[in-house]
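1. here you go, sequence then predicted model.
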Amino acid sequence: MSYIEVKELSYSYNNKTNVLEDISINVEKGEWIAILGHNGSGKSTLAKALVGLLEPAKGEIVIDGTILNEDSAYEVRKKIGIVFQNPDNQFVGVTVRDDIAFGMENLCVPREKMLEKIEFYAKKVNMLDFLDKEPTNLSGGQKQRVAIAGILAMQSDIIIFDEATSMLDPFSREELVKYIKTLHKDGLTIIMITHEINEALLADRILVMNKGKVYAFEETEAIMKKKEVFTDSHLELPVALDLANSLEGNESHKEIRDKLWEYALIK
Amino acid sequence: MGIRFNQVSYDYSSFAQGLYTAIKDINLEITEKNEFIALVGHTGSGKSTLAKHMNALIFPTSGSLEIFGNIITSKRSKKIKYNSIRKKVGLVFQFPEYQLFEETVEKDIMFGPMNFKITRDKAKILAKEALNLVGLNDAYLSRNPYNLSGGEKKRVSIAGILAMDPDILVLDEPTSGLDPAGKRVLMNLFKDINEKTGKTIVIITHDMDLVYQYFNRVLVMNDGKLIYDGLPEQLFKEKDIYKNHLDYPNTIKVLTYLNQQLNLNLDVYQKTNAEALLEIKKAVKL
């Protein structure tokens, strides 16, 4: 049994067109999955369904053996956290300390233990010096890291990043990606929705969504060899791999092709 | 003459950070016609502060600006009609889609022109024209902005500014949050508007691939100073732009890697994948 199982999931916002259609995927514990897809392909809807924010019209989601439904949502949500696109949309505390505490307060963690945990996880995301700062004094990347600390403090071990880097400048983005790598090393299961192909390359497997359906779901290297998956889904390959694929089929280009792949897959 | 900065500096004061200088001694000239300019720099480099000066949304702490003949200094002048400056220079903020508020697309686009005392009937015509200019058909006029996709919302909000018919359009990161195809559609649209109407367009961006492919003038801000004003090619030929917190376009990075690893002598200054591919094929043949 997989850690996350999505079985024939469908969803529509107005009972007319399906935003998600017949999605079936499995994700293993500790895996890093990237979800790519054009605007409106259903990526974010899938993310909301996974954390129980939407009730599927059809199909089911099983997380660590528990079927996600109205009764189980409270328990399942402890396992799985989500970091949204806009850092300002999820900062609920007056200070960093309050914000990290928010989830634990809902779980009725005793005060002594909570204080201890806040320090521990603030340190883990490199925000220990900012505990008493207000959100206006933080950069977008710092706010996203505080959101991660809040999730970790609830002992969640699955984190969904829903375009969490898209509002950040290139350097904060790089910093956050670096941090996600360490979370992955620590054994967390990562589901990362992104438009940045270079970020997706870091994942173990890539899921390409197209018009609400799973268009492809394969290991990163394998999927990058399939140019048509990207063109069909209005996506772009990274420059190096687009060049490598265009040079396919000619022996004299092999050395260059290998170097292009090497460049693209440096993690 | 469109906009001229003369030794412009601007100091912010806030409870959080105290007094700090956001931009310093800026000298810059932007012509009112046919320019297509990229404005780049890391977060906090002063890009947005610079942009806000362009339609007198904020006044310089020292130095002065000339915007379509109006001299802007640190003091508000009763002789200047600031409203008319804001009509001439349209500013589109980051994530303008969050600022849509009317119940139909048409009303939302009409809001700007009507603020400038244009009649309802005329505003309706302008709304339609602006909507078509951003590549959306008349069927969108009656739709609720909240039910549009991210890319469509962005276009509607840009149409709202275009409907005011500004001479110069300044956009703060208009392509962020869009998928690659959506990015290109929007960039082609700006280029198209620029070529068809001759409007000068200034675009703030972090995307060096776009800067290289679309623009013929790039302004670089670093620590509040304007440190570069010229052709993108020339900028990327500089040895170490990383020290200014910038990155190189992907084509240049990939071709440079090939040169280093395989001892090749490729000309790395290729704007598109197609050009890069030609360059590689040429080298292998030799």
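-> That came through, no problem. Numbers count the residues shown, from 1 in each chain, chains lettered A, B, ... in the order given.
2. so which bits of chain A are right by chain B?
-> A:37-40, A:85, A:134, A:136-137, A:139, A:163, A:166-167, A:169-172, A:195, A:197, A:234-236, A:238-240, A:242-243, A:246-247, A:252-253, A:255-256, A:259-260, A:262-263 (CB under 8 Å from any CB of the partner chain). From N, CA and C alone the C-beta is placed, and that goes for glycine too.
3. repeat the analysis, applying 7 Å as the threshold.
-> Those residues of chain A that sit near chain B, judged by CB under 7 Å from any CB of the partner chain, are A:38-40, A:136-137, A:139, A:166-167, A:169-172, A:195, A:234-236, A:239-240, A:242-243, A:246-247, A:252-253, A:255-256, A:259-260, A:263.
4. only the buried subset of those, as a ChimeraX command please.
-> Only the buried entries of the residues of chain A next to chain B go into this ChimeraX selection, using 16 or more other CB atoms under 10 Å in any protein chain shown:
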select /A:38,39,40,139,166,167,169,170,172,195,234,235,236,239,240,242,243,246,247,253,256,259,260,263
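5. now the helices for the stretch 151-286 of chain B?
-> Ranges of helices in the stretch 151-286 of chain B, per DSSP state H, counting those that start in this stretch, are B:180-197, B:208-214, B:232-237, B:250-262, B:273-285.
6. thinking again about what came up before, out of the residues of chain A next to chain B, which sit inside helices?
-> Residues of the residues of chain A next to chain B located in helices (DSSP state H): A:170-172, A:239-240, A:242-243, A:246, A:255-256, A:259-260, A:263.
7. counting neighbours, what do you get for residue 28?
-> As the question left the chain open, I've gone with chain A. Under the neighbour criterion other CB atoms under 10 Å in any protein chain shown, A:Glu28 is assigned a count of 13.
8. try again with chain B
-> 17.
9. then B:Glu195?
-> Quick note: B:Glu195 (other CB under 10 Å) scores 11 neighbours.
10. how about the residues of the stretch 51-200 of chain B by chain A?
-> B:149-151, B:176-182.
11. just to revisit the earlier point, tell me the most buried of the helices of the stretch 151-286 of chain B?
-> helix B:208-214 (a mean of 21; mean count of other CB atoms under 10 Å in any protein chain shown).
12. check which helices and strands that one is in contact with.
-> If you count contacts as 3 or more CB pairs under 7 Å, 6 or more residues apart in numbering or on different chains; DSSP states H and E, helix B:208-214 packs onto helix B:180-197, helix B:232-237.
13. still on that earlier bit, can you lay out the residues of the stretch 51-200 of chain B next to chain A as TSV showing pLDDT?
-> Supplementary listing: those in TSV, determined by pLDDT from 0 to 100:
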residue	pLDDT
B:Ser149	76
B:Gly150	74
B:Gly151	77
B:Ser176	82
B:Gly177	77
B:Leu178	81
B:Asp179	81
B:Pro180	83
B:Ala181	82
B:Gly182	82
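14. so which residue is smack in the middle of chain A?
-> A:Met192 (2.2 Å; CA atoms, centre = their mean).
15. any idea which element that residue lies in?
-> Element membership for A:Met192, per DSSP states H and E: strand A:189-193.
16. quick check: the residue of the stretch 1-150 of chain B nearest chain A.
-> The nearest approach of the stretch 1-150 of chain B to chain A comes at B:Thr43, 4.2 Å away (CB to the nearest CB).
17. would you check that that residue makes contact with A:Pro170?
-> No - look at B:Thr43 against A:Pro170 with CB atoms under 7 Å: they stay out of range, at 8.9 Å.
18. what about residue 173, neighbour count?
-> In the absence of a named chain, this looks at chain A. 21.
19. that's the other chain; I wanted chain B
-> 21.
20. from chain B, how far out is A:Val6?
-> Going from A:Val6 to chain B by CB to the nearest CB, to the nearest Å gives 23 Å.
21. helix, strand or coil for that residue?
-> Of the three states, A:Val6 takes strand according to DSSP: H, G, I helix; E, B strand; the rest coil.
22. now the closest residue to it other than its chain neighbours. Its backbone dihedrals?
-> Counting by CB to CB, 6 or more residues apart in numbering or on different chains, the nearest residue to A:Val6 once its immediate chain neighbours are dropped is A:Ile25, at 4.9 Å. When read as degrees, to the nearest 10, the backbone of A:Ile25 gives phi -140, psi 150.
23. so where is the stretch 1-150 of chain B shaky, pLDDT-wise?
-> For the stretch 1-150 of chain B, applying pLDDT under 70 flags the ranges B:14-17.
24. got the contact list for B:Phe236?
-> Residues near B:Phe236 by CB atoms under 7 Å, 6 or more residues apart in numbering or on different chains: B:212, B:248-249, B:252, B:269.
25. quick revisit: and the helix or strand following the strand holding A:Met192, what does it pack onto?
-> For strand A:189-193, the following helix or strand on the C-terminal side (DSSP H and E) is helix A:197-200. For helix A:197-200, the elements it packs on are strand A:32-37, judged by 3+ CB pairs under 7 Å, 6+ apart.
26. list the contacts of the helix or strand following the strand it packs on.
-> Next along the chain after strand A:32-37, taking DSSP H and E as the criterion, comes helix A:43-50. Helix A:43-50 has contacts (CB under 7 Å, 6+ apart) with A:9, A:11, A:19-20, A:23, A:35, A:37, A:54, A:56, A:61, A:80, A:82, A:160, A:162, A:193, A:209.
27. and which of these is nearest to chain B?
-> A:Gly37 (7.7 Å).
28. and for B:Ala127, the neighbour number?
-> B:Ala127: 27 neighbours (other CB under 10 Å).
29. buried sites along stretch A:218-225?
-> Result for stretch A:218-225 [16+ other CB under 10 Å]: buried residues A:220, A:223-224.
30. how about stretch A:85-103?
-> Residues of stretch A:85-103 classed as buried by neighbour count (16+ other CB under 10 Å): A:85-87, A:90-91, A:93, A:95-101, A:103.
31. same check, this time on stretch B:115-125
-> Within stretch B:115-125, the residues that count as buried by 16+ other CB under 10 Å are B:118, B:123-124.
32. in JSON lines, list these along with secondary structure.
-> Output for the buried residues of stretch B:115-125, formatted as JSON lines (three-state DSSP):
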{"residue": "B:Ile118", "secondary structure": "coil"}
{"residue": "B:Ala123", "secondary structure": "helix"}
{"residue": "B:Lys124", "secondary structure": "helix"}
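33. what residues are bridge-paired with A:Leu207?
-> A:Ile35, A:Phe217 (DSSP bridges).
34. now residue 203, nearest residue through space, not along the chain?
-> Picked chain A for this. A:Ala34 (3.7 Å).
35. other chain: chain B
-> B:Leu171 (5.1 Å).
36. do the same with B:Tyr20
-> B:Tyr20 sits nearest to B:Tyr12 (CB to CB, 6+ apart), 5.8 Å away.
37. with A:Ser72 instead?
-> In space, A:Ser72 is closest to A:Thr66, 5.2 Å off (CB to CB, 6+ apart).
38. burial check on the one you found, number of neighbours?
-> 14.
39. and it, what does it touch?
-> A:72, A:75-76.
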